[in-house]
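[1] coordinates for the following, if possible.
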Amino acid sequence: MSKVYFYYSAMNAGKSTVLLQSSYNYHERGMRTLLFIPSIDTRAGVGRIKSRLGLDAEAMSLPPEENLFEHVKSAHAAQPVACVLVDEAQFLTRPQVEQLTDIADQLRIPCLCYGLRTDFQAQLFPGSAALLALADNLIELKTICHCGRKATMNLRVGPDGRGVKEGAQVEIGGNDRYVAMCRRHFKEALA
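    Here you go, the predicted model:
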């Protein structure tokens, strides 16, 4: 039975690196993978997944209205697909997560999703909420706070380097805008 996996963490835990390594492992065995990244994230360019370590790969830029099941079904009919991998999965819509479950259940293709669990206000993203509810396996990837404890929170920082409490849920950024922290230091940074 194929499954939907959700690999989640705070910022800078190496999610994109693990995704690219997983895809490489399939390719090394002569198997085809399909890589997706929500179209909202263009930090590495449109349709590119790039890790902080410098690894990168082409991916399909996934708009919110895209039907993942139909896309994968069509691609699989043309040439077998061994695995579907989605980066920045927190930006998926609930229907897209449901489509991933159909890919696993009906097409019998495993789906590996990588993303943040929560935003800068410790609220679930819609894609993360759907994955937490529907994925077969939940795997936490770990990173550390500056104190050495496990980081579980994403602090958004302003131009002055201070923590930001309010704003839109989605503001694309990297180390310039977000810092992974343990809950204690996250609360202290917002006090």
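
[2] roughly how far does Leu112 sit from Val164?
    When Cβ to Cβ, to the nearest Å is applied, the distance between Leu112 and Val164 equals 31 Å. No exception for glycine: its C-beta is placed from N, CA and C like everyone else's.

[3] who has more neighbours, the two?
    With other Cβ atoms under 10 Å as the criterion, Leu112 and Val164 differ in neighbour count, and Leu112 comes out ahead with 25 against 18.

[4] for the record, mean pLDDT for the helix or strand encompassing that one?
    Using DSSP states H and E, the secondary-structure element containing Leu112 is strand 111-116. Strand 111-116 shows a mean pLDDT of 97.

[5] against which helices or strands is it packed?
    For strand 111-116, the elements it packs on are strand 4-9, helix 15-28, strand 83-86, helix 94-106, helix 126-134, judged by 3 or more Cβ pairs under 8 Å, 6 or more residues apart in numbering; DSSP states H and E.

[6] list the strands paired with the third one, with their directions.
    Here strand 83-86 is paired, per DSSP bridges, with strand 33-38 (parallel), strand 111-116 (parallel).

[7] lowest-scoring secondary structure element of this structure by mean pLDDT?
    When each helix and strand of the chain is scored by mean pLDDT, DSSP states H and E, strand 48-50 comes last, with a mean of 82.

[8] what lies in contact with that one?
    Applying Cβ atoms under 8 Å, 6 or more residues apart in numbering, the set of residues contacting strand 48-50 from outside is 16, 19-20, 35, 37, 43-44, 56-59, 87.

[9] single out the most deeply packed of the strands paired with strand 83-86.
    Using mean count of other Cβ atoms under 10 Å, the stretch among the strands paired with strand 83-86 with the greatest mean number of neighbours is strand 111-116 (a mean of 26).

[10] tell me how far that one lies from the chain's centre.
    Remark: strand 111-116 is offset 4 Å from the chain centroid, using Cα atoms, centre = their mean, to the nearest Å.

[11] again, but for stretch 184-191
    Taking the mean of its C-alpha atoms, stretch 184-191 sits 25 Å from the chain's own mean (Cα atoms, centre = their mean).

[12] okay, that stretch in CSV with CA atoms only?
    Extracted C-alpha coordinates of stretch 184-191, given in CSV (Å, rounded to 0.1, in the frame of the first residue of the first chain):
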residue,chain,number,x,y,z
ARG,A,184,10.5,29.5,25.1
HIS,A,185,12.7,31.8,23.1
PHE,A,186,9.9,32.4,20.5
LYS,A,187,7.7,33.7,23.4
GLU,A,188,10.5,35.8,24.8
ALA,A,189,11.2,37.4,21.4
LEU,A,190,7.6,38.5,21.1
ALA,A,191,7.2,39.8,24.7
